[in-house]
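Engineer: Got a predicted structure plus its sequence, pasted below:
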Amino acid sequence: MASVADHPILKGLNNAQRRAVSSSSATVAILAGPGSGKTHTLTSRVVWLVDEVGYRPQDVVVATFTVKAAREMMDRIGRALGGGREKKLILGTFHSICRRYLSAYGGKIGLPKDFGIADDKDSRGIVERVCKRLKLTLDPPTARAWISKQKAGGSEKESARAKKPPGKSLGLQELQTCYDEYQKQLERSNLLDYDDLLVRCVELLRKFPSCVSNIQSVLIDEYQDTNGIQYELMKLFAQHRSRITIVGDPDQSIYGWRSAEIGNLWRLLREFKGTEEVSLEDNYRSSQSILNLSLQVIQQDKDRYKKVLKPVHTRGSRPVLRKLKNAYAEADWIVCEMRRVIMMSGNMLTHSDVAILLRSAALSRHIESTLGKAGIAYKMVGGFKFYDRAEIKTLLDYLRVVHQPHNNDALSRIMNVPKRGIGEGTIKNLIEEAEQASMSLWTLLVKHCRGQRTAKTKITKHTEQRITGGLIRVIEDLRKISAHTDDVSGDSDGLVGLIHQLIKLLDFERFLKDTHPDDHEQRWANVQEFINVAADFVRDLEQTGDDTLPEIQGLQQSVETELLPRFLANVSLASDVQTGEDGENKPLVTISTIHAAKGLEWPVVFIPAVYQGSIPHARSEDQNEERRLLYVAMTRAKCLLYLSCPTYRSNSSDEPCELSSFVATISRSFLEKGPCLDRPVMEQIAQIVKRKLPSNEAIYGSLPSMYSPEDDFGCGPESEQDNRRNTSRQIGASIDAPPAKRPRLSAPAGGYDSSKELDWRKDYATTMEQSSNFTLKKSGTKTLHMLLQLAT
DNA sequence: TGATAAAAAGTTTTT
DNA sequence: CTTTTTATCA
């Protein structure tokens, strides 16, 4: 026993955590609030199971919900385990694990070998088409949501959720027809949508349990987010030994809209008697006052499962609820306050210690442009996706057609890109015609152009030539190249070569210049970046050999040889592109959606737009979930937490804006303005972040003279002007100059002595200059490339 | 029939 | 502020 307690992995864990990590129970449920070290505990248990219990890494399944969480976990386990053994773990998001199993064993359940993955856009397009063709009176998005719900619910009737057939039985009938037709379409294009990955994997593991006969233990992170089908998957993965470890927090369940069922927790405890429950009660993250206030928010939910949260840190300063005139003032204030905090900490805190968390990605616009103008570098997490940029999407669609010519949707999207004189109507007709003849669009086109069959849709000679020469030819040439990339070990830049060739054949740079004269450089840079991403992918795959499943005796698995399908799958399943290694040099402020911020923490957190309609969102169905969302956001903060709310909406009509009901009743518990940041306060912060606070001399010496160390935004002599919207933006450091080519350095408003400004502004100058391109461009077009520019 | 210009409408969260 | 629909012209 004593030797067990001595294992290095248990060092630095508290008693409850140790109990969870080293538990010999078959099933372990770790329930704990934010900041209690849940993920750390889970990773430690993985290490424990491998190192101490002796399971082979390839016999352990670890499932997460986001790609980011999976990467993070892989990193952490790797560090603790060493020897690169973590790479053998079956670790990833549910979706990526399922994809792996399906490509290895999908043949057993009649799945074609080279199935593709239908992303959001594909599936939306298909549903729309189906609705139109069958003349259904359905709202396509609603239908799609319904279909997804059906799939995600799981097949076991545990969830007696026959609750809402939206509307009448007629509606239900239509939905069902739409569902069937949708599936038929997917099948025809050899595609699986996100939900299908899970559904089909359940089918596989149920019919062929031997695929997972090696699995010793299954671990699930963020368990409160599992939906019906994921619960089934979990059980199926664990079907041979029933060894399951889950960690979760019902208060942080924020994926109900994705059919997550909190009930899965009780279900687990019921179905697996003798589950050891461990609760982690110590909160290592936040100051007492942040924790108290977050608790006040979440406790408004009367039905919740109550948990203990014991702060280990000092009281800290009270969170702030700031009211501003409008969203512009709000953004300006954030910049101001952020600077104040950093200055008053004598740079103990930097930009990378600050996060701005948003209910929806669209809210980032004001903030991004204000940060840009203030010359503050930032990174945006969630929201925009690199792979969604038009030019990248086009290239990807070409690649998808190369891989799967029968993917009608991808083909129809690229048919007229670059322009080949085929209009929307023509494409629609052709698809329709192919549909009638039950062949794919590709087959129809090829047949037509070879003269084996004349399409009844009119195609002029000229366009026909362009299709033959420009499209069919390109695809077929590329397919030849692709065939040579077959073995991974051989030609290592096969994939990259393929992409290069594609770009060359399309004359893509010229195409971009022609179609986007204003910002073709941007877009071309994105294309270059895309090539880099592909190269990285190839390199990573060669290094890690990741993605493969352990061999099981007596079981034939088809080996994934081709690079292209793997790359495409990776793209569909990755929400963002890895920016990791590049961005770390410059401290960047993080802007993120709340959803994407789950599991992360920052010393300083801003939550703007805390108003009715944003949190809770106007379109949300579940108030409690919205409240939990706010709770998640608030509990990301370690030391300083700021909520803010504009009094007026800033879209054309200046309607008044109502404070979120979640904080309205407790608004008196907040400070109205940023706290005083004197020495004692800063020392508490230093203690929480475990850094050393610079001396008073160092802090105050570098302060601009006459600098007011208070949060007096909007109270100074300038405040009169703030009433006009356009001038209200000038607080952010650089904008009171007339519009210049490059943001000019000038004194912030508010009556400081501008002659002393130079010293402290020097730090910002470099980023400011580099960021000029990004502030002057339309703000929607920020790209990875720009971030890289900022970073280097 | 397709491309271009002008007008209109639309914005949650992720795999 | 942007994407999608509609009208007009070639």
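Structural biologist: Yep, it's here.
Engineer: Nearest to DNA strand C: which residue in the stretch 51-200 of chain A?
Structural biologist: With distances taken as CB to the nearest atom of the strand, the stretch 51-200 of chain A approaches DNA strand C most closely at A:Glu128, which sits 8.7 Å away. (Each C-beta comes from the backbone N, C-alpha and C, glycine too.)
Engineer: Around DNA strand B, which positions in the stretch 251-400 of chain A sit nearby?
Structural biologist: A:254, A:257-258, A:359-362, A:382-383 (CB under 7 Å from any atom of the strand).
Engineer: and these, which two are the farthest apart?
Structural biologist: With CB to CB as the measure, no two of those lie farther apart than A:Arg258 and A:Ala362, at 19.3 Å.
Engineer: Among those two, which residue is more densely surrounded?
Structural biologist: Comparing A:Arg258 with A:Ala362 by neighbour count (other CB atoms under 10 Å), the higher total belongs to A:Arg258, at 15 against 10.
Engineer: OK, contacts around that one?
Structural biologist: A:Arg258 makes contact with A:152, A:225, A:227, according to CB atoms under 8 Å, 6 or more residues apart in numbering.
Engineer: cool, A:Gly248 as well?
Structural biologist: A:Gly248 makes contact with A:29-31, A:38, A:220, A:222-225, A:265, according to CB under 8 Å, 6+ apart.
Engineer: A:Phe713 reaches A:Ala331, doesn't it?
Structural biologist: No - look at A:Phe713 against A:Ala331 with CB atoms under 8 Å: they stay out of range, at 11.3 Å.
Engineer: So between these two, which is more surrounded?
Structural biologist: Neighbours of A:Phe713 and A:Ala331, each counted by other CB under 10 Å, are more numerous for A:Ala331; the result is 32 against 23.
Engineer: Run through the stretch 51-200 of chain A and note the low-pLDDT ranges.
Structural biologist: For the stretch 51-200 of chain A, residues meeting the criterion pLDDT under 70 lie at A:156-170.
Engineer: hang on, the earlier thing: which one of the contacts of A:Arg258 is nearest A:Ser558?
Structural biologist: Nearest to A:Ser558, judged by CB to CB, of the contacts of A:Arg258 is A:Ala152 at 27.3 Å.
Engineer: wait, doesn't the closest one sit right on A:Gly228?
Structural biologist: Yes - the pair formed by A:Ala152 and A:Gly228 meets the contact definition of CB under 8 Å, at 6.2 Å.
Engineer: what do the two both touch?
Structural biologist: Counting by CB under 8 Å, 6+ apart, the shared contacts of A:Ala152 and A:Gly228 are A:Ser259.
Engineer: what residues are up against A:Thr226?
Structural biologist: By CB under 8 Å, 6+ apart, the neighbours of A:Thr226 are A:220, A:234, A:260-261, A:264.
Engineer: Top of those residues by number of neighbours, please.
Structural biologist: Among the contacts of A:Thr226, the one with the most neighbours (other CB under 10 Å) is A:Ile220, at 28 neighbours.
Engineer: and the residue lying closest to it once chain neighbours are set aside, which of the three is it?
Structural biologist: Once its chain neighbours are removed from consideration, A:Ile220 has its nearest residue in A:Ile246; the separation is 4.6 Å (CB to CB, 6 or more residues apart in numbering). When states are read from DSSP: H, G, I helix; E, B strand; the rest coil, the local structure at A:Ile246 comes out as strand.
Engineer: in the sheet, who's paired with A:Ile246?
Structural biologist: A:Ala29, A:Ile220 (DSSP bridges).
Engineer: Looking at the stretch 301-450 of chain A, which residue is nearest DNA strand C?
Structural biologist: A:Arg365 (6.8 Å).
Engineer: measure that residue to A:Tyr387 for me?
Structural biologist: Using CB to CB, to the nearest Å, one gets 21 Å for the distance from A:Arg365 to A:Tyr387.
Engineer: tell me which element A:Ile117 is part of?
Structural biologist: In the assignment (DSSP states H and E), A:Ile117 maps to strand A:116-118.
Engineer: Next, the residues that contact that strand from outside, please.
Structural biologist: Taking contacts as CB under 8 Å, 6+ apart, the residues outside strand A:116-118 that touch it are A:99, A:126, A:186, A:189-194, A:196-197, A:400, A:403-404, A:407, A:409, A:565, A:568-569, A:572-573.
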